[in-house]
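Chemist: Kindly return the folded structure for what I paste below:
(2 chains)
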Amino acid sequence: MACLIVPDLPAVAELRAHPELAGLPLAVVSESGPRATVLSVSPAAAHAGVRRGSAIAQARSVCAALCVRVASPARERAARDALLDVALSASLRAALAPPGEGVRAGEAVVHIDVSAFAAGSERPRSGPPRSETGLATALAARARALGLPAAAAVAGSRALAELAARCTAAREGPDATCVIPPGAEVAFLTPLPVDLLDLDDASSERLTRFGIHRCGPLLELCAGASSRHAAARLGPELLHLLERLRGERSEPPIPAIRDARIEESIDLEAPIDNLEPLAFALRGLVVRLLARLAVRHLAAGEIDVELRAGRGRDRRHLALAAPTGDPRVWLRRLRRAFEHEPPTAPVDFIALAAEGCPARRDQLDLFRPAGPAPAALDALLAELEALVGADRVGVPRIPDDHRPSAFALEPFTLGPAPAAGEAPHGSESLRAPVLCLRALRPPLRAEVRLRAGRPAWLRSAVATGEVLHCAGPWRSSGGWWSEEQRFAFDAFDVATSDGRLVRLRLDRLRRVWEVDALYD
Amino acid sequence: MVAPRHQTPAPVSNELALGEPLPALPPSIRPLIRLGGGFSEALVPLPTGIDPVDRLLGGGFPRGHLSEITGPPSSGRTSLALLLSATATRAGEVVAWVDGADAFDPSSARDTGIDLDRLLWVRAPRIREALRSAEHLLAARGFALVVLDLCRAVDPPAASALAPAAWMRLARAAASSGTALTVLGRDRLVGSHAALVVDLRAIRLRFATSPAWLEGIEARVALTRHRLRPSEGFVPVHWKVPPLARGVPDRAGPARGRGAAGAS
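Modeler: A predicted model of the protein is given here:
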């Protein structure tokens, strides 16, 4: 079993949300006002002498430069979930220890079942199988990368791993690691004080009465044939705890977590009513969200955004063509969404939620031209959609529509290249050289003089002059069943004296002349 | 298609005598094989599919370089770029069309023979987004051709309005990705960063008289700059309107053909 512990979760959650406070003395207090008590302190504040449980006035008297923040349940929940994501990067069988069951106030504990790796029936989710020391080091490093200084320990049982992680964090700092190999449990426990076992008051009092202050004598007392007598005198709970620590008592299995929905939120100290500070706040959230997904080897294809402004809520669903873990792409997408439709009121709470999904993997063909790599193509499409808009990137399609210049766009999915000699699906045979049209969107209004019912002179933004040649009209109409879709055009191919060759049309419904395309 | 006359031969290592096996390989794999030497010099150019033009250009548009197609409206520049794209997609390559003018016509692309499944159309709303899109496409690698269409019908961009640094970045990105980047403009925009510049001018319009019918245009395709192979010259090209692009003109009623509506 492995265990990850973050000892000072409120301070860590605050530093994770505000990296600019790193290195400064920081105290997280229970409430605003002079009656607040210190819940958690940063290492710099602890070094300056600020202690948990002290009053805010007392803490300020000890450290004048103390930064004070009010505890945020949303930030702590996000930090706790991020710690679980680190655990899930190693194994799906991971769980947060519920508060109250041996977990101290201001502490986050995650248990990870890595027994399948030891048995060889399962490989770690990232990289090749590694030793217990390598696993603990990797877990601590991943947690540090997410802004969570966590102590990691690997031991034979869940209780022992938690105890080892807590002792290591207290002794060597929050980033330390500890591995207790099989058979070394007693050697590890012997010098520890019994206070670390988190016993209830009655058990502690009994041990004090017996003069037992360290785990070594307690283990000797409870070992072998004398265990029944010790259980009778000290209570069965203490005996069960020692059995769990030694790995002699089975523990309930940890269920696998397959939910990949990740949430990040922030309570803003002052409401935001401008796009620039909103983008700044979103940046931190997006970076943290995608970093958590990246730890689990996932990317985000859709993000749910919730903005709270007073009592009002603004919920938006944003999507990209392909999942990506690049924060720049998502930031551009969010910025574009908020530029297009800004929040209606000052925002005081922001929450982002994403369902993690794996990046696409495909096998390329060796004997056909190599197109873009699938992962690169996904990221590219996401970048382009964020840059120009989701409805402006894709594969051109010609809809079943007689309307001139009708077109459609479909998502770009790259299939295998046609084999040599095979005609591409949906394409005409190569006719060279073909004179093509350039569409004018929207069509340009034109002033036309007629002679014998045909255009004789034309003035527009693209062609002006006497009509030298004119072919047509080609009449097209349709959509008669709907007022919005109804159209009727008379189109002419017109060459003007300024050298332009354009497609001129008369909108017979509106009685206006337009140039809708240019031969080029 | 005529073999490119001025294609740079791939240098063959003395230790690696491929000699005979190379012609036996499928044509589609040959551009992927690099036998030492410079990156871009070893890549086969992208042909346009018009033999005289390909001979003039030394095989086609060079991969890994920035090229330009210029000319006034109605000179055939878009037709040349679409034909280049059609040849590439039919060889199984992937092409991107960055539409900075919002003028791409899918029907014309299909008439030219483009495999639309292998064409990525990016409708950039402004020039700035078009340049950024081209940068992203080149950075992704794998595209044989990226066409950057800056032929805006109204208010076309001037060369002075575009920063030279942008072209330098694009040229470098094209070199590192091995992609043929082709800029479509009314006048020259790229400057000295263009390895190849092709200028088109319409010589004559062809209209049939009875009935009045647009047959096409005759244009002159001129090579005005080739940094890899200094030369100049021009060839005439006859761009024809595809036979099914129009119905039969009829003053009395709806046309018969693809352009006509069934219900009116």
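
Chemist: Show me what the helix or strand containing B:Leu56 is packed up against.
Modeler: Assigned by DSSP states H and E, B:Leu56 belongs to helix B:51-57. With contacts taken as 3 or more Cβ pairs under 8 Å, 6 or more residues apart in numbering or on different chains; DSSP states H and E, helix B:51-57 sits against strand B:213-226, strand B:233-240. The way it works is simple: take the backbone N, C-alpha and C, and place the C-beta from them, glycine included.

Chemist: from what I can see, A:Gly134 looks like it's in a helix, true?
Modeler: Yes: with DSSP: H, G, I helix; E, B strand; the rest coil as the criterion, A:Gly134 is located in a helix.

Chemist: residues near it, how many?
Modeler: A:Gly134 has 16 neighbours, counted by other Cβ atoms under 10 Å in any protein chain shown.

Chemist: Let me see the ranges of the strands in the stretch 151-264 of chain B.
Modeler: Along the stretch 151-264 of chain B, the segments classed as strands by DSSP state E, counting those that start in this stretch run B:180-185, B:196-208, B:213-226, B:233-240.

Chemist: do the same with the stretch 51-200 of chain A
Modeler: A:67-70, A:94-96, A:108-112, A:151-154, A:177-179.

Chemist: what's the neighbour count on A:Arg209?
Modeler: Residues near A:Arg209, counting by other Cβ under 10 Å, number 9.

Chemist: Repeat that for A:Ala65.
Modeler: Look at A:Ala65: counted by other Cβ under 10 Å, it has 10 neighbours.

Chemist: Same check on the one 10 residues further on?
Modeler: Neighbouring residues of A:Arg75 were enumerated by other Cβ under 10 Å; the total is 24.

Chemist: Now do the contacts for it.
Modeler: Each residue near A:Arg75 by Cβ atoms under 8 Å, 6 or more residues apart in numbering or on different chains is listed here: A:13-14, A:16-17, A:265-267.

Chemist: how about 6 Å then?
Modeler: Contact partners of A:Arg75, counting by Cβ atoms under 6 Å, 6 or more residues apart in numbering or on different chains, are A:13, A:17.

Chemist: picking up where we left off before, give me the buried positions along the helix holding B:Leu56.
Modeler: B:53-57 (16 or more other Cβ atoms under 10 Å in any protein chain shown).

Chemist: For that helix, what does the pLDDT average out to?
Modeler: When pLDDT is averaged along helix B:51-57, the result is 91.

Chemist: Can I get it in CSV? Just the C-alpha atoms.
Modeler: Extracted as CSV, the C-alpha positions of helix B:51-57 are listed here (Å, rounded to 0.1, in the frame of the first residue of the first chain):
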residue,chain,number,x,y,z
ASP,B,51,3.5,19.8,-68.0
PRO,B,52,4.7,23.1,-69.5
VAL,B,53,4.3,24.9,-66.1
ASP,B,54,6.1,22.1,-64.3
ARG,B,55,8.9,22.2,-66.7
LEU,B,56,9.2,26.0,-66.3
LEU,B,57,9.2,25.7,-62.5
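
Chemist: Does at least one residue of the helix or strand following it sit close to chain A?
Modeler: With elements assigned by DSSP H and E, the helix or strand that comes after helix B:51-57 is strand B:66-70. No: with Cβ under 6 Å from any Cβ of the partner chain as the criterion, chain A is not reached by strand B:66-70; the gap is at least 10.6 Å.

Chemist: so what strands line up beside strand B:66-70?
Modeler: strand B:180-185 (parallel), strand B:196-208 (parallel) (DSSP bridges).
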